[in-house]
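S.K.: What would the 3D arrangement of this be:
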Amino acid sequence: MVIVRATRKLLQRLGPPSPDAPGSTTLLGDWYATYLPWRPRQVVLLVNERTLLPLLMPLAPAATFLARFPDELARLLTAHHLPASVVADEVAATKHTRLATTASRSLVGSMNEFAFLADAHRDKGSEPDLLALSLTLSRTPCSPLYNRHVSPDREVAALLGTQTT
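M.R.: Purely as a prediction, here's the structure:
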């Protein structure tokens, strides 16, 4: 099971959080999520608490957001060239999701920085490739990771015991 910790803006679109959200049981742990009001398609930015790995995915339809999250995570982890067995294990553990409120102001700050960078990197005249944009953001150096692996792509590779190419 995984906990998705949503900002107030996103909770307004998804509904109330689960009252009894225990900790995540996945290797990557909790994910933080916020709403990006892009046009023509509204987007959700998710950032992993443990590795700061960013994931952009469409919000619509909002009712199926949590059900679509494992498939989007699988696409992202596969794009990072992680072994299929590692991806399958993480996605299987992510099939059960709960919604909760944010708990770390520091991580919300990192998420806001990723939102700013994502907006700067996207081509506002066309439909953005959310997976390519997620991969671009994952190569961004992050100060909370300076003592470890510097960027989210390297952090997730180290956590899952692989090397990125």
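S.K.: chain center to the biggest helix by length in the chain, what's the gap?
M.R.: Across the chain, the longest stretch assigned as helix under DSSP state H is helix 105-121. Distance of helix 105-121 from the chain centroid (C-alpha atoms, centre = their mean, to the nearest Å) equals 11 Å.
S.K.: What are the buried residues along that helix?
M.R.: Residues of helix 105-121 classed as buried: 107-108, 110-111, 113-115, 118 (neighbour count, 16 or more other C-beta atoms under 10 Å). (Each C-beta comes from the backbone N, C-alpha and C, glycine too.)
S.K.: can I get the residues you listed in a markdown table with distance to residue 159 and pLDDT?
M.R.: Shown next, in a markdown table, are these (distance: C-beta to C-beta, whole Å; pLDDT from 0 to 100):
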| residue | distance to residue 159 | pLDDT |
| --- | --- | --- |
| 107 | 16 | 86 |
| 108 | 21 | 91 |
| 110 | 17 | 90 |
| 111 | 19 | 92 |
| 113 | 21 | 93 |
| 114 | 18 | 93 |
| 115 | 23 | 94 |
| 118 | 23 | 93 |
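S.K.: can you redo the residues you listed as CSV with distance to residue 92?
M.R.: As requested, the buried residues of helix 105-121 are exported to CSV (distance: C-beta to C-beta, whole Å):
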residue, distance to residue 92
107, 25
108, 28
110, 27
111, 26
113, 31
114, 26
115, 29
118, 28
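S.K.: Out of the residues you listed, which is nearest to residue 143?
M.R.: residue 110 (8.6 Å; C-beta to C-beta).
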